[in-house]
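S.K.: Fold the stuff below for me.
(one chain, ligands or ions: 1)
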Amino acid sequence: MKFSLQAKDIHSKARAGTVTTDHGEIQTPIFMPVGTAGTVKAVHQRELKQDIDAKIILGNTYHLYLRPGLEILEKAGGLHKFIGWDRPILTDSGGYQVYSLSKVRKIKEEGVTFNSHIDGSKHLFTPEIAMDIQRTIGADIIMAFDECTPYPCDYKYAASSINMTHRWLKRCCARFDSTEPKYGFNQTLFPIVQGSVYKDLRVKSAEFIASMEREGNAIGGLSVGEPAEEMYGMTEVVCDILPYEKPRYLMGVGTPINILENIALGVDMFDCVMPTRNARNGMLFTRNGIINIGNKKWADDLSPIDAESDLHADQVYSKAYLRHLMHSKEMLGAQIATLHNLHFYLWLVKEAREKIISGEFYAWKNKMVTILGNKL
Ligand SMILES: Nc1nc2cc3nc(NCCc4ccc(CCO)cc4)[nH]c3cc2c(=O)[nH]1
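M.R.: Alright, predicted model coming up:
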């Protein structure tokens with residue numbers, strides 16, 4: 001994997017770069033649609049590629065390991081082949097999903113034992129197992145097996161948690177560096193900075209992660225319920241320590257405003273279930289603010305979902321029609337709303353990249369931040 005920088009904003013730490021993988025290039029800042037179990041819910045791969053030009057999607061080790069399972073994925077020649085996606089994929093390591101989805105039985109030095117949220121069966125994830133699973137999935141960018149420190153937590157817990165995450169990281173690197181890709185495409189391992197909301201722990205973790213000299217670095221343990229100002233404060237501390245010439249990925253972030261503020265702090269890559277999950281509840285993100293399409297006010301609004309958008313669905317379907325579909329619980333409603341939100345998130349980061357290159361980012365960001373939170 002390579003990373004090159006094309007431009008840097010002068011009023012902020014925003015930058016425009018390119019990540020190059022064996023499955024293609026990714027212009028940054030980038031948003032990565034979440035395709036947890038091998039599908040970005042309600043969206044075809046063709047739509048992802050042709051309608052919204054998604055450059056990279058996310059998968060989850062925890063889900064894919066439980067279902068469809070490693071045997072099928074290996075037989076298919078990896079996740080790309082299994083789901084029919086030939087662009088880059090990033091997989092999370094299970095370090096977060098285990099805690100957020102399963103009844104975790106125990107966190108030990110060796111790893112984490114947990115019960116499947118699907119059938120209650122008992123499993124063990126260790127740093128080594130998480131690496132081997134991600135080798136079998138075959139994602140271009142894989143994540144270290146970490147502990148996403150819960151929020152809130154006391155300083156003592158956070159301090160011991162980062163020490164374990166750092167010991168696990170050494171084991172991830174040892175295992176990853178002593179195994180080969182299974183399907184002929186290179187893979188890269190990103191370590192993850194933790195430290196909860198404690199500045200000195202964030203400094204310690206960022207310095208340790210930077211010292212591992214991997215090809216890219218991730219910031220974890222945020223977007224876990226902390227106030228946005230805490231998120232921004234920790235991101236700033238960490239981005240000032242992580243190497244400038246490597247991509248920085250802020251996990252699980254976030255709202256459109258979160259994304260713009262973190263781009264200004266030097267973050268290059270983002271993922272979040274918000275555009276897809278909230279779409280299914282009728283929450284549409286637009287360049288003028290947020291539309292709750294279920295609201296009665298849209299019932300007879302026959303104007304296009306977004307007349308200024310180059311997304312076909314935004315132009316051919318009206319707000320009234322989409323509200324009707326959502327109220328009728330028609331599948332097409334979720335499909336249109338999801339495609340709209342992903343298209344908006346990808347438009348937002350592409351626009352940010354263009355403003356960074358043209359030198360207009362800072363003023364544009366401050367204008368957008370005042371608009372994006374509007375309730376329409
Ligand atoms: N390995 C690893 N993975 C992570 C994934 C994360 N995802 C988040 N936040 C997602 C929060 C989030 C969850 C749901 C919604 C939809 C609301 O309708 C939005 C945001 N924080 C995260 C932290 C980590 C982390 O430290 N380590």
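S.K.: Going by C-alpha atoms from here, please, whenever you check contacts or count neighbours.
M.R.: Will do.
S.K.: Quick check: residues of the stretch 101-250 of the chain near the ligand?
M.R.: For the stretch 101-250 of the chain, the residues in contact with the ligand (Cα under 6 Å from any ligand atom) are 146, 148, 220, 221, 222, 223, 224.
S.K.: Mind picking the lowest-pLDDT entry from these?
M.R.: Lowest pLDDT of those: residue 148, 93.
S.K.: list the contacts for that residue?
M.R.: When the contact criterion is Cα atoms under 8 Å, 6 or more residues apart in numbering, the partners of residue 148 are 95, 96, 194, 220, 221.
S.K.: And for stretch 154-171, what's in contact with it?
M.R.: With Cα under 8 Å, 6+ apart, stretch 154-171 has contacts from 109, 127-128, 144-147, 149, 191, 194-196, 198, 201, 205, 208-209.
S.K.: actually stretch 307-319, sorry about that
M.R.: Here stretch 307-319 makes contact (Cα under 8 Å, 6+ apart) with 51-52, 293, 298-299, 301-306, 336, 339-340, 343.
S.K.: Give the buried subset of the residues you listed as a PyMOL selection command.
M.R.: Buried subset of the contacts of stretch 307-319, written as a PyMOL selection, criterion 16 or more other Cα atoms under 10 Å:
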select buried, resi 51+52+293+298+299+303+304+305+306+336+339+340+343
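S.K.: Closest one of the contacts of stretch 307-319 to residue 234?
M.R.: Nearest to residue 234 among the contacts of stretch 307-319, counting by Cα to Cα, is residue 343 at 28.6 Å.
S.K.: so that closest one sits right up against residue 52, yeah?
M.R.: Yes: using Cα atoms under 8 Å, residue 343 is in contact with residue 52, at 5.2 Å.
S.K.: and the closest residue to residue 207 other than its chain neighbours, helix, strand or coil?
M.R.: Distance criterion Cα to Cα, 6 or more residues apart in numbering; nearest residue to residue 207, sequence neighbours excluded, is residue 241 at 6.5 Å. Following DSSP: H, G, I helix; E, B strand; the rest coil, we place residue 241 in the coil state.
S.K.: Show the pLDDT at residue 241.
M.R.: The model's pLDDT for residue 241 equals 99.
S.K.: Does it touch residue 206 like I think?
M.R.: Yes: in this structure residue 241 lies within contact range of residue 206 using Cα under 8 Å: 6.2 Å.
S.K.: re the thing from before, ok, of the residues of the stretch 101-250 of the chain next to the ligand, which one's closest to residue 236?
M.R.: Within those, the smallest distance to residue 236 is 12.3 Å, found for residue 222 (Cα to Cα).
S.K.: Quick check on the nearest residue to that closest one once chain neighbours are set aside: phi, psi?
M.R.: Distances taken as Cα to Cα, 6+ apart place residue 231 nearest to residue 222, at 6.1 Å, with adjacent residues excluded. Phi and psi for residue 231, reported as degrees, to the nearest 10, are phi -60, psi -50.
S.K.: thinking residue 231 is in contact with residue 224, fair?
M.R.: No: if you go by Cα under 8 Å, residue 231 and residue 224 don't touch, sitting 9.3 Å apart.
S.K.: And these two? Which one has more around it.
M.R.: Per other Cα atoms under 10 Å, whichever of residue 231 and residue 224 has more neighbours is residue 231, with 20 against 16.
S.K.: any idea how far residue 285 is from that one?
M.R.: 21 Å (Cα to Cα, to the nearest Å).
S.K.: ok, now residue 81?
M.R.: 32 Å.
S.K.: Ok, residue 138 next?
M.R.: On the measure of Cα to Cα, residue 138 and residue 285 end up 32 Å apart.
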